[in-house]
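**Student:** would you be able to build a 3D model of this:
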Amino acid sequence: MARASRIAFVCPRFAGGRALGGAEILLKNLAQRAAAAGRDVRFLTTRAVDHFTWANERPAGSRLEDGLAVTFFPVDARDVRAFLRIQEAISRERPVTADEEALWLANGVNSEALAAHLRRHEPEYDRIVLGPYLSGLVHAAAQVSPNKTILVPCLHDEPFAYLPAVARLFRGVSRIMFNSEPERDLAARLYGLDPSRASIVGMGLDPFTVAPGKAGLPRELRAAPYLIYCGRRETLKGTPLLIDYLAAFRNRSGRDVKLALTGVGQVDIPPGMAGHVLDMGLVEEERKRALMAGALAFCHPSVNESLSIVLLEAWLAGIPALVRAQSEVLRRHCELSNGGLWFRAYPEFEEELLMLMDAPALRRAMGDAGLAYARREYAWEKIERRLLEALDA
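**Tutor:** A predicted model of the protein is given here:
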């Protein structure tokens with residue numbers, strides 16, 4: 001295909017402020033890089049900020065945001081009760097009919113105004129890049145011009161991935177840009193994906209430096225070693241499990257270890273963990289990096305990851321990782337980098353946390369290995385080359 005000069009990026013939310021999510025950050029960064037490389041980029045999104053309510057919070061219309069030409073469209077009215085009823089059934093792996101599947105997609109997040117804009121202006125675009133896969137809006141946008149469409153799915157091994165509508169989405173688009181080999185391999189198993197339609201791109205990160213030590217951190221974190229998790233705090237990301245594991249560790253080992261949390265979402269701290277789990281909320285990037293650099297390790301308890309930007313950021317801060325073994329993506333990162341350990345259940349978590357606490361030389365070596373891996377494999381120069389090749393394929 002000829003050089004893709006005019007590109008539309010489509011994502012249900014535009015990353016920034018409380019609109020925090022890996023898929024949103026990924027699509028925004030890829031759009032920014034394509035624009036910086038001389039492509040004419042338009043970013044089409046909704047007015048939503050909160051991914052639970054999908055309320056129209058941002059002003060409608062077109063404007064320049066973080067160097068991108070962005071147009072914000074209203075989210076359509078939703079039957080939330082019907083959506084949650086069907087979502088619960090899918091989550092519990094109960095069978096749903098084709099009509100229920102369609103109803104679930106129709107009442108997730110959609111914007112007829114965005115879809116109409118895309119249909120009207122489709123001839124102006126060489127490529128339409130959209131994601132993530134779990135959005136009615138993305139499914140609708142993918143039907144506008146399938147031969148021009150590149151899906152950035154952020155696929156996880158979860159019940160939703162097994163729906164017939166999702167298989168049709170993957171099989172119907174022109175190309176798919178994956179974040180990692182495990183994500184691509186999952187799609188191949190589920191949908192019989194033709195390898196010639198797939199590219200592994202991911203996202204680049206800029207190196208940064210952080211002053212060593214704990215100066216400027218909260219008193220509780222200066223006084224004791226701590227783990228850190230950054231991102232959305234919710235059951236699907238495993239944060240309740242992490243808090244439970246830390247409480248068990250403190251009770252069983254008698255060791256004083258804290259947990260720092262940054263990001264958005266409700267955090268329910270058990271009474272016995274008050275003062276030991278610190279909810280820092282949404283913090284500036286410099287603050288987050290300083291918190292990472294002072295931590296014993298970055299703990300990622302999620303099983304639903306296709307890349308994990310925060311894990312790579314933690315390695316750039318020079319600390320080791322402790323991740324869920326059930327996430328093939330996180331485990332693969334740790335295997336390739338030698339920058340982290342992985343646990344399948346609490347006994348492994350306890351053993352590995354004790355190892356990190358009691359072996360500072362090992363901890364430093366793992367942090368250094370993670371840093372080298374993130375700098376080598378996720379340098380923007382390498383990622384941008386893969387991105388542009390995928391856009392022009």
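
**Student:** show me the longest helix that occurs in this protein.
**Tutor:** Counting residues, the longest helix found in the chain (DSSP state H) is helix 360-377.

**Student:** buried sites along it?
**Tutor:** 363, 366, 367, 369, 370, 371, 373, 374, 377 (16 or more other Cβ atoms under 10 Å). C-beta coordinates here come from the backbone N, C-alpha and C atoms, glycine included.

**Student:** over to stretch 208-218?
**Tutor:** 210, 214, 217.

**Student:** nearest to residue 321 among those?
**Tutor:** residue 210 (16.3 Å; Cβ to Cβ).

**Student:** from memory the closest one sits against residue 295, does it?
**Tutor:** No. Using Cβ atoms under 8 Å, residue 210 is not in contact with residue 295, being 11.0 Å away.

**Student:** now do the shared contacts for the two.
**Tutor:** Residues touching both residue 210 and residue 295 by Cβ atoms under 8 Å, 6 or more residues apart in numbering: none at all.

**Student:** if I read this right, residue 221 contacts residue 296, doesn't it?
**Tutor:** No. In this structure, residue 221 is not within contact of residue 296 by Cβ under 8 Å, at 10.3 Å.

**Student:** how about the contacts made by residue 371?
**Tutor:** So residue 371 contacts 315, 316, 318, 339 (Cβ under 8 Å, 6+ apart).

**Student:** most neighbours, which of these?
**Tutor:** With neighbours taken as other Cβ atoms under 10 Å, the top of these is residue 315, carrying 30 neighbours.

**Student:** tell me the one among the contacts of residue 371 nearest to residue 2.
**Tutor:** residue 316 (36.4 Å).

**Student:** so the nearest residue to residue 381 once chain neighbours are set aside versus residue 251, what's the distance?
**Tutor:** Nearest non-adjacent residue to residue 381, counting by Cβ to Cβ, 6 or more residues apart in numbering: residue 204, 7.6 Å away. Distance of residue 204 to residue 251, computed by Cβ to Cβ, to the nearest Å: 42 Å.

**Student:** and these two? Which one has more around it.
**Tutor:** residue 204 (20 against 9).

**Student:** Three-state assignment for the more buried one, please.
**Tutor:** coil (DSSP: H, G, I helix; E, B strand; the rest coil).

**Student:** so it sits against residue 378, correct?
**Tutor:** Yes. Counting by Cβ under 8 Å, residue 204 sits close enough to residue 378 to count as a contact (5.5 Å).

**Student:** for whatever helix or strand residue 31 lives in, name the packing helices and strands.
**Tutor:** Here residue 31 sits within helix 22-36, counting by DSSP states H and E. Contacts defined by 3 or more Cβ pairs under 8 Å, 6 or more residues apart in numbering; DSSP states H and E place helix 22-36 against strand 6-10, strand 40-46, strand 68-73, strand 127-130, helix 309-316, helix 380-392.

**Student:** make it 7 Å
**Tutor:** strand 6-10, strand 40-46, strand 68-73, helix 380-392 (3 or more Cβ pairs under 7 Å, 6 or more residues apart in numbering; DSSP states H and E).

**Student:** and the helices in the stretch 51-200 of the chain?
**Tutor:** Taking DSSP state H, counting those that start in this stretch to define them, one finds helices in the stretch 51-200 of the chain at 80-91, 98-106, 112-121, 136-142, 164-172, 181-191.

**Student:** would you turn those helices into JSON lines with mean neighbour count?
**Tutor:** Formatted as JSON lines, those follow (neighbours: other Cβ atoms under 10 Å):
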{"stretch": "helix 80-91", "mean neighbour count": "15"}
{"stretch": "helix 98-106", "mean neighbour count": "16"}
{"stretch": "helix 112-121", "mean neighbour count": "16"}
{"stretch": "helix 136-142", "mean neighbour count": "24"}
{"stretch": "helix 164-172", "mean neighbour count": "16"}
{"stretch": "helix 181-191", "mean neighbour count": "18"}
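
**Student:** among these, which is nearest residue 130?
**Tutor:** Per Cβ to Cβ, nearest to residue 130 of those: helix 136-142, 5.1 Å.

**Student:** who does the closest one touch, helix- and strand-wise?
**Tutor:** helix 98-106, helix 112-121, strand 127-130, helix 164-172.
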